[in-house]
Each structure stands twice: as C-alpha cells, then as structure tokens.
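[1] Structure, please.
(one chain, ligands or ions: 1)
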Amino acid sequence: GGLVDLAHVNSVRDIFALNAADIGDARSKADAVEEEEEERELISDAFRSTALVSSREQYEAMYRRSVEDPDGFWADIASSFYWKTKWETKDGKIHSENIDVRKGRVAIEWFKGGQTNICYNALDRHVKAGLGDKIAFFWEGNDPGLDDKLTYTQLLERVCQLANYLRDQGVKKGDAVAIYMPMLVELPIAMLACARIGAVHSVVFGGFSAEALSQRILDCRPNIVLTTSGVRRGAKVIKLKEIVDEALECVLREGFAVGTCLTYANDSAIQREDTPWQKGRDIWWQDVVPKYPKDCAVEWMDAEDTLFLLYTSGSTGKPKGVLHTTGGYMVYTATTFKYAFDYHDNDIYWCTADCGWITGHSYLTYGPLLNGASVVVFEGVPNYPDAGRCWEIVDKYKVSIFYTAPTAIRSLMRSGDEPVKQHSRKSLRVLGSVGEPINPSAWRWYYDVVGDGHCPISDTWWQTETGGFMITPLPGGWPLKPGSATLPFFGVQPAIVDENGHEISGKCSGYLCIKAAWPGMMRTLQGDHARYETTYFAPFKGFYFSGDGCRRDGDGYYWLTGRVDDVINVSGHRIGTAEVESALVSHPQCAEAAVVGFDHEIKGQGIYAFITLLEGVEYSQQLRASLINAVRIQIGAFAAPDKIHWAPGLPKTRSGKIMRRILRKIAANQLDELGDISTLADPSVVAQLIDLRDV
Ligand code: 6R9
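    Take a look at the predicted model:
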C-alpha cells in the first residue's frame, strides 16, 4: 500500500467535507463544558510577590505593546542575546511577513541580517558571564542510583569536541545530521554541536521503527547518523543500533548511503560486542570524540538560517519536516520559557519530554539553556521502578519547576495519592502540562495532590509548528481554571474562526487560528513549501490554521477541544490516521483500513482500526496481532492500534468517501448517536459493523 498523496486542499470545506458533522460534535462538547460553573484557582500573594508577571493588568500592558509594536517589543528582548552582527531594520521593522495566500507566497522573517549562534547563546554566553560552574544538566538514569551531572563549562567542552569531530567529518553549515538517540545527555549535546557548526539537526524519536527512521533519513539525506547502542527504559532494553542498521539498509535499497554512523556505547544497556557493526561505516563515539579539542569556533548564522528539522504527523500520509530557523526560534523559546514558568535563577527545572519531540527541543534543551537554567534529564519512565519515581527525583534534585504531559499525570493518578505523599516535594513551585488538553479531574489531582495546592499549573498550548508556547498561563498573572490554557502569550494573536473563515468574537467556539506571525513560527516544510501553504494557510485565508478546535469563555480564556483534522493524539503523540491506515493496508491480507480515535482513560485518545480483509480471508486473533505488528514495524509501537474491528464493509458516501463520523460513534459505543445514515451508498454496513463489535 502506497502512501496517501497530498490532497489539494483549498478550503476548510475540502478538509472537513468528510466530517462536517464532527465539527458540530466538537462544538456541543465544548459548549457542554461551558455550562458547568468554571472553578477558579487564585494564586497566592506569596507567589505573586516574586512573580515576573503578577497581575492581569501588567500582562495586558505588555501584551498590548507586543501586538501593537511587535518589532519594538521583540527587538528589546533580542538585545539581551549575543549577536555577532545586528539585524537589519527597515522603517523600524525587524520582521517581515506574509501569511495571506491571496497576497502571494507565504514568507516569514525575523531579525534578518542578524548574525548569531544559538549554541553560543545557550552555553558560551553563560560561561563568559561567570556561570561556568553552574550545573547545566543533572542526568538521572533509568535505574535509581545511576546519575551524572555536567556544569555549563563541561557541557560546552563536550559540545565542542563533538562539533570538532563533525566538522572533521566534513559536516558543513546547512548539512543535515540525523540523530536517533535515547535520553542521555549526549542527545542534547548532539543537537547543540550541530547548532554550533550550522548543521541542521533532525532528531528522530527513539520509539520510531526502522522504516519510519529510514523515511525521515531519505527526506533530508544526512551523511552522518548519530545513535546509541541501546537503552533501558523501565524493564525493557531497546537496541537502537539494530534499528538504525535496518533503517540504513532500507535507505540503501532506495539508492542512498549514509557515510558514518557514530554510535555512543551505552554500556549500562548493552555490551559493545553485542551490538551489530559494519566496519568502515560505524564508529564508537567514545573512541573518537574525546580526542578532539574542547574548544571550537562557532559558525555565525543568519537569523533566518535553518536550525533544525523535526518531522510531525498531519492529515495525509507522509510526515512533514517542520523547519525552524535560528534567530526567531532562539528569542521565542527563551522568552516563553522564562515567563510561562516564571523562571528565576535558582530554579531547578525538570521536563519529562524526550528530545525526539518538539517539547524536548524547545523546553528541555534550547529554552532552559538560553536562560542558564539547571535542567534534569531523565532516561527512564515515570512509573519505574514504581509510581513514586517522579517524586523521588523531584526531592533528589530539589526540582522547583516540573513539566510533564496529562497522560503521565493520569497514569500516576491511577496509583493513588500514597506514592506522591511519601515524598516531600516541598521544592516544587510551578507545574506544567503539555501535549493534549488536560481533563479537569487530572488537573485537580495535579494541583491538589502533586502541588499541595500551592503550585500554579501552566497548561501550555502549542505545537511543533509554533516552536514555542502560544496560549499559556503566566504563573502569578491571573486566576487559573482547570482545563484552560487561559491567555495568549506576548505577540500571539489568536482568532476563533467559523466554517466560512470568518473570525468570531467574544464567547464562542470554532477553529483556532493565529492572525499574525510570531518569532518562533516554522518557516516552511522541508522541500515542500506548497504543502506548507496548503496545510496551514489555505484553509482559512489570512490566518495560520492550527488544526485544533477551541472555545473562548466570558473571561477571554481559551479552552482547547482537540484536533479537528485526521490527527489522533495518543499519549500526547501526534499520529496521522492516514499513516496508520497506510501501514495497515500494506499487510498482505488487508483490503482496506479506516482509523479513528476514541477516548482512552490513560492515553487521552486510543487508536481504533476498522479492517476489511481480502475476499475469503478468515478473522483470527493471529491476524489481528499481525495487523498490529504491521503498524509497529512501519511506524513504531506507540502507534499500535488498541482495537481492531473487523469490517466486511465501511460506511461510504455515494462518492466513495468514508464517513468517519459514523466510525467514531461506533468506536465510542455511542450507537444511539449515529445520526443520518441514509446518505450512505450502502446503509446496511452499519448494522453489520455493530454486529461485529465483539468479534
Ligand atoms: C507541544 C506539542 C500539537 C498538538 C496541538 C494540540 C495538542 C498540545 C496542548 C494541546 C490542548 C494543550 N496540544 N498541547 N491541546 N492543550 N496544552 O504537543 O506539539 O506534538 O506538535 O502536538 O497537541 O492538539 O495541535 P505537537
């Protein structure tokens, strides 16, 4: 089964023609919440007395300036970074933008002409300012007792050694480097080393399969891949190098050869002699990198030179290589980190995200290091060896800012309050949430139990594409409401738009768009600017379209209601239904597949697949397992369907489009809400599907 081609989407109607009724659904769900009395959580005076932003009035004044004079606002902030050459100013403007497809090519530039380096700003700048002995990374291994730490000076030296090695291998400014590594400090080191020499890093999450990795390698064609022999995650051992070898074979079959595979030997997970090896191509990191000098001249980059690529899922089959540039991303991630977490110099910050996702880029690596923060990097999983691990780590490092995902909160909540209460957590000051809407009951538990009722929660709404936070509380700034991301960050102008592309005002619900460019915004999709325009700017002309539904309440607070496109959010991971379908139909016995999301207690959403088999093929448990395995092989275990539902036929319109609305209702077991099925080419398939529910 081939991948689905990019659909030519010209309007929101094209995107949502299949599921216009679902939009109604999303709305009524949003409105139902609204009817409930929304509780507010006031921030204590003690917290506010030291908060960077301590009132809504103070925020409003700053916000007003940020949208009325974005150039002045961001230029002031950018001045606190090191620029080798200052940016160009044209008529007082330091940025230019066109996000309106009717006016021509979508193009965004910030600080153009300015020369800087994000690695220099994240490391050298602090060392030069006397912070060299401050801890940059506390590393906590999968197994309690295994740990390490690096000061800013040591981190800089390690980054320089790797940067020198990469340069020596011929890696130059603009070249791509693929990184497939677990959460060792070597992963952010690898990203920073690339940034130092102007190489474009493309980190691929270690949970992706060989096939998914090969697809991402083929898209950006790096000559060098950085990886690790293996890693322990919880009780499991994952042999990453084996996966890389398989990916490189796939890539070779497509006629592309990677020159070098630099492999970090992680002896705590797997022995070197047990690691598959190809002489000539594979090199042990520890054999070469430590021999290089500990200083390395930086490559000065134009603010608009590419910093990294990060692949993410969309509505159609092929993952999109989101491209971020240097200057705007640097200024934006640093500023959002500082304000949304009310960062102070003595804070200890822990972000549980993996660097394979945008959160690990912006808020484990760049944002915190640009602020000179001490960051905890954790190799393991939140509930290993037991449900108290996170709070043990919080106490061990005196973590004051803790940032995680609702799925982790929900899974810890299941183990009850006891594992939390066994640890003091008295260092905690601010909590954060990211990845999906946080349900009010999980919010409450996080606030009352984890935070002992005194830590504001920053529920940060943003995306791979936005680079940094877009809608988020500023702790201390205004009352919180469980489940709301509250108000837009400085410079962000949200618009709620109706089906016809008209902005609606006041209390309302609709599609969440953004009206003007902000510095951290992606600039294009790797190799496909047309897809960038059609996906994000064509559906609602004049706006950036997020793909999310949203409601605004009477206080102006925003409530994200989830994706309105064919993207499923599983444990905070974005998965395109088309990608999963493409993996399923590649199975030799599968004729057709349709995938939808369903509410899942821990994951937020789970994956539910309807499968039509080839004529004559019998249903069996074994076949079910082998279909799920096809997804594990093509994408990765995290995208494995939770449920396979046999479907002799799928509900299709007369023009052959699958009506996913009906499938979603069946998956949710809301059989009384199927709606009008008379427009189906064959309405009898619905009864058939219902009959096969428990088969
Ligand atoms: C940062 C990240 C982006 C999608 C986004 C939305 C969902 C993320 C959220 C949230 C509600 C939040 N999302 N944070 N929804 N509240 N605080 O997760 O990036 O992987 O690109 O996913 O995640 O649906 O559109 P990414």
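[2] If I look at the nearest residue to I568 once chain neighbours are set aside, what pLDDT would I see?
    Nearest non-adjacent residue to I568, counting by Cβ to Cβ, 6 or more residues apart in numbering: G597, 3.9 Å away. In short, each C-beta sits where N, CA and C put it, glycine included. G597 carries a pLDDT score of 96 in this model.
[3] Which helix or strand contains G597?
    Assigned by DSSP states H and E, G597 falls within strand 590-600.
[4] And that strand, what's buried?
    Under the neighbour-count criterion of 16 or more other Cβ atoms under 10 Å, strand 590-600 has 590, 592-598, 600 buried.
[5] do stretch 186-205 as well
    186-205.
[6] Please compute how far that stretch lies from its chain's middle.
    Here stretch 186-205 shows a centroid-to-chain-centroid distance of 17 Å under the convention Cα atoms, centre = their mean, to the nearest Å.
[7] That one vs the ligand: in contact?
    No. For stretch 186-205, no contact with the ligand is found by Cβ under 6 Å from any ligand atom; the gap never falls below 10.3 Å.
[8] can you give me the mean pLDDT across that stretch?
    Averaged over stretch 186-205, pLDDT sits at 98.
[9] show me the contacts for L674.
    Contact partners of L674, counting by Cβ atoms under 8 Å, 6 or more residues apart in numbering, are 662, 665-666, 686.
[10] what about 6 Å?
    Each residue near L674 by Cβ atoms under 6 Å, 6 or more residues apart in numbering is listed here: 662, 665.
[11] so what pLDDT did it get?
    pLDDT for L674: 90.
[12] which one of the buried residues of strand 590-600 is nearest the ligand?
    G597 (11.3 Å; Cβ to the nearest ligand atom).
[13] Quick check, that closest one in contact with K603.
    No. Using Cβ atoms under 6 Å, G597 is not in contact with K603, being 9.7 Å away.
[14] and the buried residues of stretch 186-205, which of them are in strands?
    200-203 (DSSP state E).
[15] Phi first, then psi, for A136.
    When quoted as degrees, to the nearest 10, the phi and psi of A136 stand at phi -90, psi -50.
[16] What's the local residue count around it?
    A136: 28 surrounding residues under other Cβ atoms under 10 Å.
[17] what sits against it?
    150, 152, 155.
[18] Could you tell me how many residues sit around the second one?
    Just to be clear, that refers to Y152. Per other Cβ under 10 Å, the neighbour tally for Y152 reads 25.
[19] What sits closest to the closest residue to the ligand within the stretch 101-250 of the chain if chain neighbours are left out?
    Closest approach between the stretch 101-250 of the chain and the ligand, counting by Cβ to the nearest ligand atom: F205, at 10.3 Å. Once flanking residues are discounted, F205 sits nearest to G356: 2.7 Å by Cβ to Cβ, 6+ apart.
[20] Am I right that that neighbour sits in a strand?
    No. Going by DSSP: H, G, I helix; E, B strand; the rest coil, the assignment for G356 is coil, not a strand.
[21] ok, now which ones touch it?
    Neighbouring residues of G356 by Cβ under 6 Å, 6+ apart: 203, 205-206.
[22] rewinding a little: need the ones in strands among the buried residues of stretch 186-205 in JSON lines (columns: distance to S546).
    Shown next, in JSON lines, are these (distance: Cβ to Cβ, whole Å):
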{"residue": "V200", "distance to S546": "25"}
{"residue": "H201", "distance to S546": "25"}
{"residue": "S202", "distance to S546": "23"}
{"residue": "V203", "distance to S546": "23"}
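[23] What distance do you get for the closest residue to N142 other than its chain neighbours to T228?
    Distances taken as Cβ to Cβ, 6+ apart place G380 nearest to N142, at 3.7 Å, with adjacent residues excluded. Using Cβ to Cβ, to the nearest Å, G380 is found at 15 Å from T228.
[24] swap in Q622?
    Look at Q622 and T228: by Cβ to Cβ, they are 34 Å apart.
[25] Same check on C160?
    With distances taken as Cβ to Cβ, C160 is found 20 Å from T228.
[26] before we move on, what about I602?
    According to Cβ to Cβ, I602 stands 28 Å off from T228.
[27] Neighbour count: those two, which is higher?
    Using other Cβ under 10 Å as the criterion, I602 and T228 rank with T228 on top: 28 against 14.
[28] Tell me the bridge partners for the more buried one.
    Y264 (DSSP bridges).
[29] wait, isn't it in contact with M181?
    Yes. Contact criterion Cβ under 6 Å: T228 and M181 qualify, at 4.9 Å.
[30] The residue nearest to G198 when sequence neighbours are not counted: neighbouring residues, count only.
    Distances taken as Cβ to Cβ, 6+ apart put K173 closest to G198, at 3.2 Å, once the chain neighbours are dropped. Using other Cβ under 10 Å, K173 has 13 other residues around it.
[31] relative to its centroid, which residue of the protein is most remote?
    Most distant from the centre of the chain: G616, at 42.0 Å, with distances by Cα atoms, centre = their mean.
[32] What does the pLDDT read for that one?
    For G616, the model assigns a pLDDT of 95.
[33] Could you do K481 as well?
    Per-residue confidence (pLDDT) for K481: 97.
[34] Now do the contacts for it.
    Going by Cβ under 6 Å, 6+ apart, the list of residues near K481 reads 38, 40.
[35] The ligand versus that one, what's the distance?
    Distance check for K481 against the ligand: by Cβ to the nearest ligand atom, to the nearest Å, it reads 13 Å.
[36] now do Q526
    For Q526, the distance to the ligand (Cβ to the nearest ligand atom) stands at 15 Å.
[37] Then L663?
    On the measure of Cβ to the nearest ligand atom, L663 and the ligand end up 20 Å apart.
[38] For that residue, which residues are in contact?
    By Cβ under 6 Å, 6+ apart, the residues touching L663 are 594, 596, 610.
[39] Please confirm that L307 is located within a strand.
    Yes. The assignment for L307 (three-state DSSP) places it in a strand.
[40] Spatially nearest residue to it (excluding sequence neighbours)?
    T326 (4.7 Å).
[41] Give me the local confidence score for the one you found.
    T326 carries a pLDDT value of 98.
[42] for the one 3 residues further on, same thing?
    Per-residue confidence (pLDDT) for Y329: 99.
[43] Just the element for it, please.
    Using DSSP H and E, Y329 sits in helix 327-340.
[44] Give me the contacts around that helix.
    Contacts of helix 327-340 (Cβ under 6 Å, 6+ apart): 52, 77-78, 110-111, 114, 116, 118, 303, 307, 362, 366-368, 370-371, 458, 460, 467-469, 472, 474, 489, 519-520.
[45] what residues does the stretch 351-500 of the chain put near the ligand?
    Counting by Cβ under 6 Å from any ligand atom, the stretch 351-500 of the chain sits next to the ligand at 357-359, 433-437, 459-464, 485.
[46] Confirm for me that G321 is in contact with T312.
    No. Using Cβ under 6 Å, G321 makes no contact with T312, being 8.4 Å away.
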